[in-house]
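In: Sharing a model that was predicted from the sequence below.
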Amino acid sequence: MNKVYVTTAIPYVNGAPHIGHAMDYCLADVYARYRRLCGDEVKFQAGVDEHGNKIFQKSKELGLPVADYVKENAEKFMDFVEKLGVSYTDFIRTTDVDHERRCQEIWRRLSDHIYKAKYEGWYCSGCERFITQKEYDENNGVCPDHQKPYEKLVEENYYLRIADFKDQIRGAIESGEMSVLPEFRKKEVLKLLEESPDVSVSRSVEQLTWGVPVPDDDSQVMYVWIDALSNYITILGYPDSDISEWWPAAAQFVGKDILRFHAIIWPAMLIGLGLPLPKVLLSHGFVLADGQKMSKSIGNVVDPIEVLDRHGLDAFRYYFLRHVDTFADSDFTWEKFEDAYNNELANDLGNLVQRLATLAMKNDVKLVEEPKFEMDAGYVELMDKFEFSKAFDYAWDKVQNLNKRIDEEKPWALAKNGETAKLQNCLRDLICGLLNVNYMLSPFIPGTTEKIFEIFAGGDIKPPRTPLFPKH
RNA sequence: CGCGGGGUAGAGCAGCCUGGUAGCUCGUUUGGCUCAUAACCAAAAGGUCGUUGGUUCAAAUCCAACCCCCGCAACCA
């Protein structure tokens, strides 16, 4: 039995959970459940990133103490994770005192690679903060809140010397010691790595108050990276305790937008700390709304809660794990979602369960012994390559095949002809087939597979009172 | 000349690396079945594979040029 550690990206909690977060959680959850199926012990992290100016300002706008505001948001995300049926074992908030203290220790241990230098950036004196180049461009150089042009401001910050680690990071990625998935992202990362400058890892307290203080320098506060990325190991107890039982992580799941930080800054930190790199860094794509990126300004944002409420959790997981490609961007439309629900969940799987259960009941078939389950080699191969949506396809093909077999073997005809023994065998075979597919589907739609197991493996078989996926 | 992905039946995609009768899912049409959630099974129709040129006995697949979409470009998953 292996010990397996799986992580998700920690969302910045200045807004409501959205579909992108759900993708990250669901993919990590499938992997965690799969590894448990393989007999491994899994530690599964989830959490929230709670520092930074945006959060601080938002709480001020709302007139709430910042501690209350972040707590409220953390709970929102915790609820969301629960709602998605994510089998996490640990939840981290970056405002946990243990995390903050451990971050400071991590900073100290990295101090050989940290130096002080001038930071130059666009600044709004109204907002009292630095803004990104992107924000600058979007607003044409004028702060929309204060109608004042941004000014160039220079201050002293700490920098992490990425240059110290480039060769080792490149080596780890190229050799597969840290495998970056999918392949096309790996190429991107290697290219980015070459031109990656040192990163600014602190801000002056005048600019940033809501963050972890830099040790031994009252004038500086940590700026996102060391604070946020450290969460993956501080939650394991680093550096207070030995984490080698769980670290390196078997897989870390991130969105494509933050891959670069996880593939460059994070490995740099780990190498600096003398820790091994995660075995797999998986970057998933975005969910598009009818071909377009979801954005508030376009107004095409799909609320995950609304999707969840439509047909329940497993319909949600089904769509986002099968019809949304594990690696590439994919589309969500309500029409596609409804089609998948009706044609696949209801007609393929739901109906299969219904007809088999009815056949078993009418002909008094039950399983004499607990069936043994096996994962097909093809399925295992895909799962091990993190090709989750393809593995799901693989299993679904078996569902459709069972429907085909029922038609071919015509158990109702055997019943009519009084071929009882043949009938019993036939149905038992089909049921075992279903339960075996069910087993392979369990990382994806665990609620449903549990119900199916109970229907067929619990003695007397009868169809569920209400269909698994009622049509609307 | 920033980087990357893509243009294949009405829709969504696979095939391209390792050239050789163009495949899958949904939708449409027809037939079959009756255990089942008007569900299931089978068959059919439907494509000059973005454009042009080249290599080759043979190109969706290799090469060149061009056209058109869409992402990313220091913190939006």
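Out: Right, received. Where do you want to start?
In: What about A:G274, how many residues nearby?
Out: 7 (other Cβ atoms under 10 Å). Quick note: C-beta positions are derived from backbone N, CA and C, even for glycine.
In: Is the residue nearest to A:K43 when sequence neighbours are not counted in a helix, a strand, or coil?
Out: Nearest-residue entry for A:K43: A:Y5, 4.8 Å, with adjacent residues in sequence omitted and distances by Cβ to Cβ, 6 or more residues apart in numbering. Under DSSP: H, G, I helix; E, B strand; the rest coil, the three-state class of A:Y5 is strand.
In: cool, and A:Y123?
Out: Criterion first, three-state DSSP; result for A:Y123: strand.
In: For it, give me its contacts.
Out: Taking Cβ atoms under 8 Å, 6 or more residues apart in numbering as the criterion, A:Y123 is in contact with A:129-131, A:150-153.
In: okay, the residues you listed in CSV with pLDDT and neighbour count next?
Out: Converted to CSV, those look like this (pLDDT from 0 to 100; neighbours: other Cβ atoms under 10 Å):
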residue, pLDDT, neighbour count
A:R129, 68, 19
A:F130, 73, 23
A:I131, 72, 17
A:Y150, 78, 22
A:E151, 77, 12
A:K152, 79, 8
A:L153, 77, 14
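In: So which of those reach RNA strand B?
Out: With Cβ under 7 Å from any atom of the strand as the criterion, the contacts of A:Y123 include none near RNA strand B.
In: Can you say which helix or strand has A:T466 in it?
Out: Assigned by DSSP states H and E, A:T466 falls within no helix or strand.
In: which of the contacts of A:Y123 sit farthest apart?
Out: Across the contacts of A:Y123, no pair lies farther apart than A:R129 and A:K152, at 14.1 Å, counting by Cβ to Cβ.
In: In a markdown table, list the contacts of A:Y123 along with secondary structure and distance to A:D384.
Out: A markdown table is the format used below for the contacts of A:Y123 (DSSP: H, G, I helix; E, B strand; the rest coil; distance: Cβ to Cβ, whole Å):
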| residue | secondary structure | distance to A:D384 |
| --- | --- | --- |
| A:R129 | strand | 45 |
| A:F130 | strand | 44 |
| A:I131 | strand | 44 |
| A:Y150 | coil | 49 |
| A:E151 | strand | 53 |
| A:K152 | strand | 51 |
| A:L153 | strand | 50 |
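In: ok now do the spatially closest residue to A:R428 that is not a sequence neighbour, which residues does it touch?
Out: Distances taken as Cβ to Cβ, 6+ apart put A:V365 closest to A:R428, at 6.1 Å, once the chain neighbours are dropped. Each residue near A:V365 by Cβ under 8 Å, 6+ apart is listed here: A:359, A:423-424, A:427-428, A:431, A:461.
In: do you know how far A:V365 is from RNA strand B?
Out: Here A:V365 is placed at a distance of 12 Å from RNA strand B (Cβ to the nearest atom of the strand, to the nearest Å).
In: which stretches of the stretch 151-300 of chain A form strands?
Out: Ranges of strands in the stretch 151-300 of chain A, per DSSP state E, counting those that start in this stretch, are A:151-160, A:179-181, A:199-200, A:202-204, A:220-222, A:251-255, A:280-284, A:287-289, A:292-293.
In: list the helices and strands the helix or strand harbouring A:G20 packs on?
Out: Using DSSP H and E, A:G20 sits in helix A:19-37. Using 3 or more Cβ pairs under 8 Å, 6 or more residues apart in numbering; DSSP states H and E, the elements in contact with helix A:19-37 are strand A:3-8, strand A:41-48, helix A:66-83, strand A:251-255, strand A:280-284, strand A:287-289, helix A:304-311, helix A:388-409.
In: which residues are in contact with the shortest one?
Out: So that's strand A:287-289. A:19-20, A:23, A:294, A:300-302, A:320, A:324, A:329-333.
In: List buried members of those residues by neighbour count.
Out: A:19-20, A:23, A:294, A:302, A:320, A:324, A:330, A:332 (16 or more other Cβ atoms under 10 Å).
In: could I get the residues you listed as JSON lines with distance to A:V205 and pLDDT?
Out: Formatted as JSON lines, these follow (distance: Cβ to Cβ, whole Å; pLDDT from 0 to 100):
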{"residue": "A:I19", "distance to A:V205": "36", "pLDDT": "86"}
{"residue": "A:G20", "distance to A:V205": "32", "pLDDT": "85"}
{"residue": "A:M23", "distance to A:V205": "36", "pLDDT": "89"}
{"residue": "A:M294", "distance to A:V205": "36", "pLDDT": "79"}
{"residue": "A:V302", "distance to A:V205": "40", "pLDDT": "85"}
{"residue": "A:F320", "distance to A:V205": "42", "pLDDT": "90"}
{"residue": "A:V324", "distance to A:V205": "43", "pLDDT": "84"}
{"residue": "A:S330", "distance to A:V205": "43", "pLDDT": "81"}
{"residue": "A:F332", "distance to A:V205": "43", "pLDDT": "85"}
